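S.K.: Sequence plus the predicted model coming up.
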Amino acid sequence: MNGLFITIEGPDGAGKTSVLNELYPRLQLTAKRSIVKTREPGGIPIAEKIRHVILDPSNDRMDDRTEALLYAAARRQHLIEKVWPALDEDKIVLCDRFVDSSLAYQGAGRGIGIEEVAKINEFAIEGTTPDITLYLDVDSDTGLQRIMKNRTNQIDRLDSEGLQFHQRVRHAYLKLAEENPDRIIKIDARKRLDEVVRACFYELLTRYPDYFQS
């Protein structure tokens with residue numbers, strides 16, 4: 001498979017979506033290939049419907065393993081319809097979240113177990129791994145403060161979890177970054193948005209000269 005698969009990860013409140021929205025047009029100006037911007041869960045109609053089911057606050061009876069399986073199902077369809085075709089055409093895929101999110105949120109946050117969630121996802125992704133993951137790191141207190149300040153009217157099932165849940169998620173991300181130093185690049189997301197975007201932009205341009213011109 002050709003192409004370049006870039007994912008952006010981070011705990012809630014890290015500013016992933018804001019960073020991606022600022023980073024994408026910058027990359028378009030320097031990219032030597034077409035860029036596909038997408039997200040998980042979502043990116044295609046089927047996965048967006050699954051996203052709504054997962055995040056709907058009214059689905060408070062959802063079992064933790066059901067949640068993990070739904071994420072994996074949405075991920076599989078997203079790969080088939082959007083990610084794999086784009087990579088086969090040697091495009092750049094810029095994705096908001098991928099398997100690392102499931103490992104952190106369902107594996108550690110929900111307490112299912114990282115290895116168990118990894119097995120579920122391996123069946124879905126068939127070995128697909130991002131070329132690089134930009135992990136936006138922010139402490140849980142700051143993240144939750146940002147959530148309450150910026151998403152008061154859009155709190156979903158994961159946003160509404162308590163501090164300990166978000167601390168488990170962050171610790172799992174940090175462990176994944178430590179175990180995968182060649183793939184996962186830690187970015188300090190406590191800084192101003194423009195500084196975070198600049199750091200992400202620099203990492204991609206310096207690491208992938210075949211895909212971006214400096």
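M.R.: Thanks, I have the structure now. Numbering: from 1, shown residues only.

S.K.: now what about the helix or strand containing Thr38, what contacts it?
M.R.: Assigned by DSSP states H and E, Thr38 belongs to strand 35-39. Applying CB atoms under 8 Å, 6 or more residues apart in numbering, the external contacts of strand 35-39 come out as 17, 20, 24, 27-28, 78, 82-83, 86, 91-97. Placement of C-beta: from N, CA and C, glycine included.

S.K.: change it to 10 Å
M.R.: For strand 35-39, contacts defined as CB atoms under 10 Å, 6 or more residues apart in numbering pick out 3-6, 8, 16-17, 20-21, 23-25, 27-28, 43-44, 47-48, 51, 78, 82-83, 85-87, 89, 91-98, 211-212.

S.K.: With just CA atoms, put it into CSV.
M.R.: Provided in CSV are the C-alpha atoms of strand 35-39 (Å, rounded to 0.1, in the frame of the first residue of the first chain):
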residue,chain,number,x,y,z
ILE,A,35,-4.8,15.1,1.0
VAL,A,36,-7.9,13.3,2.4
LYS,A,37,-9.1,14.7,5.8
THR,A,38,-11.3,12.4,7.8
ARG,A,39,-12.2,11.3,11.3
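
S.K.: Give the buried residues for it.
M.R.: Buried residues in strand 35-39, counting neighbours by 16 or more other CB atoms under 10 Å, are found at 35-39.

S.K.: average pLDDT across stretch 24-34?
M.R.: For stretch 24-34, mean pLDDT rounds to 97.

S.K.: My error: substitute stretch 141-157 in the last question.
M.R.: Throughout stretch 141-157, pLDDT has a mean value of 72.

S.K.: Next, count neighbours for Leu163.
M.R.: Leu163 has 11 neighbouring residues, counting by other CB atoms under 10 Å.

S.K.: how near is it to Leu144?
M.R.: Separation of Leu163 from Leu144 (CB to CB, to the nearest Å) stands at 6 Å.

S.K.: Who are the packing partners of the lowest-mean-pLDDT helix or strand in the chain?
M.R.: The helix or strand of the chain with the lowest confidence, counting by mean pLDDT, DSSP states H and E, is helix 140-150 at a mean of 82. If you count contacts as 3 or more CB pairs under 10 Å, 6 or more residues apart in numbering; DSSP states H and E, helix 140-150 packs onto helix 163-179.

S.K.: CA-only coordinates of the helix it packs on in PDB, if you can.
M.R.: What follows is helix 163-179 as a C-alpha-only set of coordinates in PDB (Å, rounded to 0.1, in the frame of the first residue of the first chain):
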ATOM      1  CA  LEU A 163     -11.600  12.800  36.200                       C
ATOM      2  CA  GLN A 164     -10.300   9.200  36.900                       C
ATOM      3  CA  PHE A 165     -11.500   7.900  33.600                       C
ATOM      4  CA  HIS A 166      -9.700  10.700  31.700                       C
ATOM      5  CA  GLN A 167      -6.600  10.100  33.800                       C
ATOM      6  CA  ARG A 168      -6.600   6.500  32.800                       C
ATOM      7  CA  VAL A 169      -7.000   7.500  29.200                       C
ATOM      8  CA  ARG A 170      -4.100   9.900  29.300                       C
ATOM      9  CA  HIS A 171      -1.800   7.400  31.100                       C
ATOM     10  CA  ALA A 172      -2.500   4.800  28.400                       C
ATOM     11  CA  TYR A 173      -1.700   7.300  25.700                       C
ATOM     12  CA  LEU A 174       1.600   8.200  27.400                       C
ATOM     13  CA  LYS A 175       2.500   4.500  27.700                       C
ATOM     14  CA  LEU A 176       1.700   3.900  24.000                       C
ATOM     15  CA  ALA A 177       3.900   6.900  23.100                       C
ATOM     16  CA  GLU A 178       6.700   5.400  25.200                       C
ATOM     17  CA  GLU A 179       6.400   2.000  23.500                       C
END
